[in-house]
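Q: Next one to model:
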Amino acid sequence: MSKKLNKKYIDLSHTIKHGEITYKGLPAPLICDFLSREASASYYEKGTTFQIGKIEMVGNTGTYIDCPFHRYEDGNDLSDLSIEQVANLEGVIIYAPFEKGLEVTKQLFEGIKLKHKAVLIHTGWSKHWQSDAYFENHPYVSEEAAVYLKKQEVALVGIDSHNIDNTNKNSRPVHSVLLKHNILIVEHLTNLHLLIDKEFTFSAVPPKVEAFGTFPVRAFASLKT
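A: Down below sits the predicted model:
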């Protein structure tokens, strides 16, 4: 009989709230009632009410996943993703504190077994979430590092920052390199400090939507104990 593993789950996602902007220049989500509890009362027996919510948002809201269609017209969209690509991936934490530099370089990944893993980059930048500082001069991954991660055949790369690319420039080499090779990206993670020196699997599962390349996820880690 196999030994049952006890697991502890660590939530790595930001909460999506009405009016809170995730990406500067994109609209905040609109969250409201489509059918309120008060309005529903006339449809059901006394004491029985329901709420049906409505949300209007861009895909780049909260903690979200990028798949190839986000960058490439002929790339896989959300409906093409297999469950194996987004659930229970072996994970590894890369510690890259922003105080030591904003560029996450290739050297930080060298000597670590990365093949087929979810590589999560802990910069500490999520502490600025929902502040003006979050959007400016944020940590990012270098193009050289992205090429290295591609060669290491990683499954997914996540970061607790505003963008995996340097948004002070118009180019997006990290998105281009990773998504071209079907390596998924998760941005705006949080709580990665709770995974340092831990063995874990990572999940970030979006809904199955056609013709969409980006969508919010409930990203979480399952600790192995």
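Q: CA only for contacts and neighbour counts going forward, please
A: Noted.
Q: Am I right that I94 is in contact with I121?
A: Yes: I94 is within contact range of I121, at 4.8 Å (criterion: C-alpha atoms under 8 Å).
Q: Tell me which of those two has more neighbours.
A: I121 (27 against 19; other C-alpha atoms under 10 Å).
Q: Which helix or strand contains the residue nearest the centre of the chain?
A: Centroid check for the chain by C-alpha atoms, centre = their mean gives V186 as the closest residue, at 2.9 Å. Using DSSP states H and E, V186 sits within strand 184-187.
Q: Skipping its backbone neighbours, what lies nearest I164 in space?
A: Nearest residue to I164, sequence neighbours excluded (C-alpha to C-alpha, 6 or more residues apart in numbering): Y140, at 4.8 Å.
Q: That neighbour contacts D160, correct?
A: No: Y140 is beyond contact range of D160, at 9.6 Å (criterion: C-alpha under 8 Å).
Q: For those two, indicate the residue with more neighbours.
A: D160 (28 against 25).
Q: and the residue lying closest to the more buried one once chain neighbours are set aside, what is it in contact with?
A: Counting by C-alpha to C-alpha, 6+ apart, D160 lies nearest to L189, which is 4.2 Å off, once chain neighbours are set aside. By C-alpha atoms under 8 Å, 6 or more residues apart in numbering, L189 lies in contact with 12-14, 63, 126, 158-161, 219.
Q: Parallel or antiparallel, list what pairs with the helix or strand of the chain with the lowest mean pLDDT.
A: Lowest mean confidence among the helices and strands of the chain (mean pLDDT, DSSP states H and E): strand 7-11, at a mean of 93. Strand pairing for strand 7-11, determined by DSSP bridges: strand 218-224 (antiparallel).
Q: which element is the residue lying farthest from the centre of the chain on?
A: Taking C-alpha atoms, centre = their mean, the residue of the chain most remote from its mean C-alpha position is K46, at 42.9 Å. Per DSSP H and E, K46 falls between elements, in no helix or strand.
Q: Kindly report the same for F34.
A: strand 30-35.
Q: which of the residues in the helix or strand following that strand are buried?
A: As assigned by DSSP H and E, the chain's next helix or strand after strand 30-35 is helix 37-40. Under the neighbour-count criterion of 16 or more other C-alpha atoms under 10 Å, helix 37-40 has nothing buried.
Q: Quick check: mean pLDDT of helix 37-40?
A: Throughout helix 37-40, pLDDT has a mean value of 97.
Q: For it, list the C-alpha coordinates in PDB.
A: Extracted C-alpha coordinates of helix 37-40, given in PDB (Å, rounded to 0.1, in the frame of the first residue of the first chain):
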ATOM      1  CA  ARG A  37     -31.000  38.800  -4.000                       C
ATOM      2  CA  GLU A  38     -33.700  41.400  -3.600                       C
ATOM      3  CA  ALA A  39     -34.800  41.100  -7.200                       C
ATOM      4  CA  SER A  40     -34.700  37.400  -7.200                       C
END
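Q: that older thread, ok, what's across the strand from the residue nearest to the centre of the chain?
A: In beta-bridge terms (that is, DSSP bridges), V186 pairs with I65, G158.
Q: ok so, going back, where's the residue farthest from the centre of the chain relative to S36, distance?
A: For K46, the distance to S36 (C-alpha to C-alpha, to the nearest Å) stands at 15 Å.
Q: What of S131?
A: In terms of C-alpha to C-alpha, S131 sits 32 Å off from S36.
Q: Please say which of those two ends up with more neighbours.
A: S36 (14 against 11).
Q: That one: what's it in contact with?
A: 50-53.
Q: how about those residues, which pair is most distant?
A: Farthest-apart pair in the contacts of S36 is F50 and G53; separation 9.8 Å (C-alpha to C-alpha).
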